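Undergrad: Just the structure for this:
(chains A and B)
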Amino acid sequence: MRGTQGPGRWFPVVVIATAALSLAPTSMLRPWTGDLSALLWLPMRPPAHLLTSLRHWLRPEREEGGARDAQLLLDERDRFRALWHAERLRAESLEQRLGQLERASRMDRGGVPVEPIMVSVVGRGAGASERFLSLSAGARDGVRQGDPAVIGGDLLVGRVVGDPSEANCWLAPLIDRSTGRLDVYVAPADRPEAPPSEGVVAQLRPNDRGMLEGEIDSSGKVNEGDVVRLSDPTWKPAAQGMRVGTVRLVRKGDRNPLRSVIEVECGADPARMRQMTLKVEVAR
Amino acid sequence: MSWPAFILAAVAALTLDASFMPVFAFGGATPSLVGCVAAFVALHAERRRAWWGCWLLGLLLDLSSPMAIGGSVTFVPGPFALGFALGAALILSLRAEVMRRSMVAAAVATFALLAMASLAWTTIWAVRGWWPDGEWPWAGSAAAELWRRVLWSGASAVAALPVSWLLGRTFDHWGFPASRRRR
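TA: As a prediction, the model looks like this:
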């Protein structure tokens, strides 16, 4: 009877080891915990995929458009609009670089061919507010760290984090803290094709309300409903010009009255997503 | 407690948490079945097995919760494992005072266990954030993150009402001391 009253001789040792592991440097944990997690997930992935499909069947993604055909046309329009924005950003970037007249031969024109891959959401991190999504494509499909994911042609969902395993990868949505700061420009709602030079440049970061937040100059004309697009050199070229979301709130800054704070609602809701397109760079 | 029954329940709960449970999400909080199973085990199992079972469930949750640190995916074994062990300690010290088979007791135990786990999780990650290669995995303050996790505990406590009833139907297969006495 006495033997079952306490946690046992080994339990305190295990707890101390667990405490040490939980505070161990990341570089020490990264090499082996990923493999351990992959092993754990191996038997769970097929049923998780089925249950995810069931969940999406029970609670489908909201379709804001009308008929299916109309939605497809809108998606197609948005896709070409995004390509146009991306090309224009690239052209502007090239102009700036050419203006410097240095190392012209070593310039990266950013014109990396991209192959879109349709992927399914297999599952997600199982903790309280973890937003990472597990996707059904990995290194064997050419997926690499940083590849962006979109829906509906040009709506940015997030990007791949970490090195993908052979058949799976993890996606960090835009509103995840790991996304860090995002360089964007805001285009007026009535002129979504306005070039970046006519838009208002901002730097956004996720806030604790599930939105992206940033400061702009108060003289910059930004209104609720304006469209926000990515223009961030730390993201891959395939993500440039993609739609991040819509401005939902513009208010005066608390600390600096000359600055305004904008809150941007991401267009893609990771919790309701079943499929998305990964823009994978084609190896040259 | 029968370990095969425990492992079966743990894998089922973890799979459902990772795939299906967001269908029951409200206010951004998705109920945790792993938390419900941990509370059930802490309420009914022999003390030693309750400790180990809760620790193991926490460890499984840690290995299913990827974090992006320095641009790479990292799994940190420990924050939930320690938190669940602390939660088990709390429930083990209180369980003699409650009607363990009651669904309300299961809901309260789930809330207490997950709230304790959330406190441990947030504390450990707050400390990790100070490390040279560490980052805080939340936007905003640690207090706001803790509050979000308390809401998660609350959502899980609500889910524990029907889940504990379901687990209660399988009570005889768990090999708990009470089920052995009943036979």
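
Undergrad: How is chain A partitioned into domains?
TA: What automatic domain parsing lists as the domains of chain A is A:13-58, A:68-174+A:276-281, A:177-266.

Undergrad: Is the shortest one positioned near chain B?
TA: Spelled out, that is domain A:13-58. Yes. Using CB under 8 Å from any CB of the partner chain, domain A:13-58 reaches chain B at A:14-15, A:18-19, A:21-23, A:25-27, A:29-30, A:33-34, A:36-37, A:40-41, A:43-44, A:47-52, A:54-55, A:58. The way it works is simple: take the backbone N, C-alpha and C, and place the C-beta from them, glycine included.

Undergrad: Can you report how many residues neighbour residue A:150?
TA: Residues contacting residue A:150 under the criterion other CB atoms under 10 Å in any protein chain shown number 23.

Undergrad: I'd guessed it sits against residue A:276; true?
TA: Yes. The pair residue A:150 / residue A:276 is scored as a contact, 6.7 Å apart, by CB atoms under 8 Å.

Undergrad: intersection of neighbour lists for those two?
TA: Residues touching both residue A:150 and residue A:276 (CB atoms under 8 Å, 6 or more residues apart in numbering or on different chains): residue A:157.

Undergrad: Compute the distance between the residue nearest the centre of chain B and residue B:149, please.
TA: Nearest residue to the geometric centre of chain B (CA atoms, centre = their mean): residue B:35, 2.8 Å. Residue B:35 sits 11 Å away from residue B:149, going by CB to CB, to the nearest Å.

Undergrad: just the strands in chain B please.
TA: Here chain B has its strands, by DSSP state E, at B:67-69, B:72-74.

Undergrad: Kindly report the same for chain A.
TA: Counting by DSSP E, chain A has strands at residues A:114-124, A:133-135, A:148-151, A:155-161, A:169-173, A:182-187, A:200-206, A:212-217, A:227-230, A:243-252, A:259-266, A:275-281.

Undergrad: what stretches of the stretch 101-250 of chain A score poorly on pLDDT?
TA: The model of the stretch 101-250 of chain A has pLDDT under 70 over residues A:101-112, A:126-130, A:220.

Undergrad: Give me every residue in it lying close to chain B.
TA: So the stretch 101-250 of chain A meets chain B at A:122-130, A:132, A:134, A:145, A:161-163, A:170, A:172, A:175-178, A:205-208, A:210 (CB under 8 Å from any CB).

Undergrad: For the closest residue in space to residue B:176 that isn't next to it in sequence, report the pLDDT, please.
TA: Leaving aside its sequence neighbours, residue B:176 sits nearest to residue B:44 (CB to CB, 6 or more residues apart in numbering or on different chains; 4.4 Å). On pLDDT, residue B:44 comes in at 92.

Undergrad: and residue 73, how many neighbours?
TA: If you meant another chain, say so; for now it's chain A. Per other CB under 10 Å, the neighbour tally for residue A:73 reads 12.

Undergrad: Chain B was what I was after
TA: Using other CB under 10 Å, the number of residues around residue B:73 comes to 25.

Undergrad: can you pull the contacts of the spatially closest residue to residue A:279 that is not a sequence neighbour?
TA: With sequence-adjacent residues excluded and distances taken as CB to CB, 6+ apart, residue A:279 is closest to residue A:238, at 3.9 Å. For residue A:238, the contact set (CB under 8 Å, 6+ apart) comprises A:86, A:112, A:114, A:147-148, A:279, A:281.

Undergrad: which of the residues you listed lies closest to residue B:176?
TA: Checking the contacts of residue A:238 against residue B:176 by CB to CB gives residue A:147 as the nearest, at 48.5 Å.

Undergrad: all helices of chain B, in order?
TA: Here chain B has its helices, by DSSP state H, at B:3-19, B:33-44, B:47-62, B:79-94, B:103-128, B:142-169, B:177-182.

Undergrad: Specify the angle between the fifth one and helix B:79-94 in degrees.
TA: Okay, so that is helix B:103-128. Here the directions of helix B:103-128 and helix B:79-94 differ by 140 degrees (axes from the mean of the first three to the mean of the last three CA atoms, to 10 degrees).

Undergrad: Any part of helix B:103-128 near chain A?
TA: Yes. Counting by CB under 8 Å from any CB, chain A is contacted by helix B:103-128 at B:118, B:121, B:124, B:127-128.

Undergrad: Let me see the mean pLDDT of that helix.
TA: In this model, helix B:103-128 has a mean pLDDT of 93.

Undergrad: Quick one: list the elements packing against that helix.
TA: helix B:33-44, helix B:79-94, helix B:142-169 (3 or more CB pairs under 8 Å, 6 or more residues apart in numbering or on different chains; DSSP states H and E).

Undergrad: Using JSON lines, lay out the strands of chain B together with distance to residue A:187 and mean pLDDT.
TA: Shown next, in JSON lines, are the strands of chain B (distance: least, CB to CB, whole Å; pLDDT from 0 to 100):
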{"stretch": "strand B:67-69", "distance to residue A:187": "29", "mean pLDDT": "80"}
{"stretch": "strand B:72-74", "distance to residue A:187": "33", "mean pLDDT": "81"}
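
Undergrad: quick revisit: for the helices and strands packed on helix B:103-128, state which one has the densest average packing.
TA: Ranked by mean neighbour count, the helices and strands packed on helix B:103-128 are led by helix B:33-44 with a mean of 29 (mean count of other CB atoms under 10 Å in any protein chain shown).

Undergrad: circling back: minimum distance to residue A:186: which of the helices of chain B has it?
TA: Closest to residue A:186 of the helices of chain B, according to CB to CB: helix B:142-169, at 26.4 Å.

Undergrad: any idea which residue sits dead centre in chain A?
TA: Central residue of chain A (CA atoms, centre = their mean): residue A:158, 1.2 Å from the mean position.

Undergrad: quick one on the thing from earlier: drop anything exposed from the residues of domain A:13-58 next to chain B.
TA: By the neighbour-count criterion of 16 or more other CB atoms under 10 Å in any protein chain shown, the residues of domain A:13-58 next to chain B include these buried positions: A:14-15, A:18-19, A:21-22, A:26, A:29-30, A:33-34, A:37, A:40-41, A:44, A:47-49, A:51-52, A:55.

Undergrad: Can you give the distance from stretch B:13-22 to the centre of its chain?
TA: Relative to its chain's centre, stretch B:13-22 lies at 13 Å (CA atoms, centre = their mean, to the nearest Å).
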